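Visitor: Model the following, please.
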Amino acid sequence: MIELDTEQYALVLPLLDSIEINTLFARAVLEQTVTGRVFTDNADVPGAYYIVHPYGMSLVFGGTGNHEFTREVSDYITNKNGTRQMAEWLQADPSGEWAGIIDDALAFHNSAAGLDAGLQGQAGSRIIQQNTRVNFALDHSAFAAAKDKAGRPDTRIIRLNGEHFTALEQGVVPRYFWRDAEHFTAEGAGFVLLEDGRIAAAAFSSCLYGNQLEIGIETMQDHRGRGYAFAVSLALIDYCLSQGLEPVWACRLENTGSYRLAHKLGFRPVVTLPYYRLAYGA
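Guide: Purely as a prediction, here's the structure:
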């Protein structure tokens, strides 16, 4: 896999428009909103790409005719040579042949023969899981009903500022999606719910492109089960609609909390696709 120079990132951006799944995280890398990595099959005439977001999300798309590249991607996915240095959540363009290539690589890796090979010193000995990624679209009428049912907004909810950006350290938090607090406050948006002066939950723009704002959400461990995630998400969605932005939600089907919360807020599933958990470490 050849790492693409950042000066060439802009040339890849138009290709994302033809991929019919949520690719905002990959766009953030290509626009250099965050510092990720982009690999390709050919430095002079690129035909396929593998994009890695610093939070551990990745996307593979493009042609599969370069067999050396497809082999290198398979080795990277299974971490055969130890080149992958973190866990990833991988998705592939559903219109291409990459899902089949990934499935073949995982079938051997997760087999007895593959695991035996890994245990003999290879870095990729852990089982790789296949989950399901769900892309949602907001049903505006359903959201309006949810907002009406919720009643008056919680007065403990305020805009997420630079101080909150720094304080939020664990889980799905803004620092993984923006360069720094100044960058977020200048271009992003979010809300926090404060309890006794401390952040109990946060909803923020993890990606923002054009009129699309993808929602990141985190509730602190000691404050879960109280409806705070719903309250801050409601505030952010309401903000989006007031600003002419379309809120975007995506999660694993297996993440029942996020999946149910999306429905409660008025989101409805529109696309499902394989989502591969690429393990790393012991």
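Visitor: Please count neighbours and contacts with C-alpha atoms only from this point.
Guide: Noted.
Visitor: Residue 59 is in contact with residue 88, correct?
Guide: No - taking contacts as CA atoms under 8 Å, residue 88 lies outside contact range of residue 59: 9.9 Å.
Visitor: between the two, which one's more packed in?
Guide: In this view residue 88 and residue 59 are compared by other CA atoms under 10 Å, and residue 88 has more residues nearby, 22 against 19.
Visitor: who touches the closest residue to that one other than its chain neighbours in this structure?
Guide: Sequence neighbours aside, residue 56 is the residue nearest to residue 88 in space, at 4.4 Å (criterion: CA to CA, 6 or more residues apart in numbering). Residue 56 makes contacts with 86, 87, 88, 89, as judged by CA atoms under 8 Å, 6 or more residues apart in numbering.
Visitor: helices and strands of this protein: which one bottoms out on pLDDT?
Guide: For the chain, using mean pLDDT, DSSP states H and E, the weakest element among its helices and strands is helix 112-119, scoring a mean of 55.
Visitor: for the residue nearest to residue 88, phi and psi?
Guide: Backbone torsions for residue 56, taken as degrees, to the nearest 10, come to phi 100, psi 20.
Visitor: got a pLDDT number for residue 78?
Guide: pLDDT, residue 78: 88.
Visitor: ok so, going back, quick check: what element follows the least confident helix or strand of the chain along the chain?
Guide: Going down the chain from helix 112-119, the next helix or strand is strand 129-138, by DSSP states H and E.
Visitor: Enumerate the positions of that following strand that are buried.
Guide: Of the residues in strand 129-138, those scored as buried under the neighbour-count criterion (16 or more other CA atoms under 10 Å) are 131, 132, 133, 134, 135, 136, 137, 138.
Visitor: before we move on, what about stretch 32-48?
Guide: Judged by neighbour count (16+ other CA under 10 Å), stretch 32-48 contains these buried residues: 32, 33, 34, 35, 36, 37, 38, 39, 40, 41, 42, 48.
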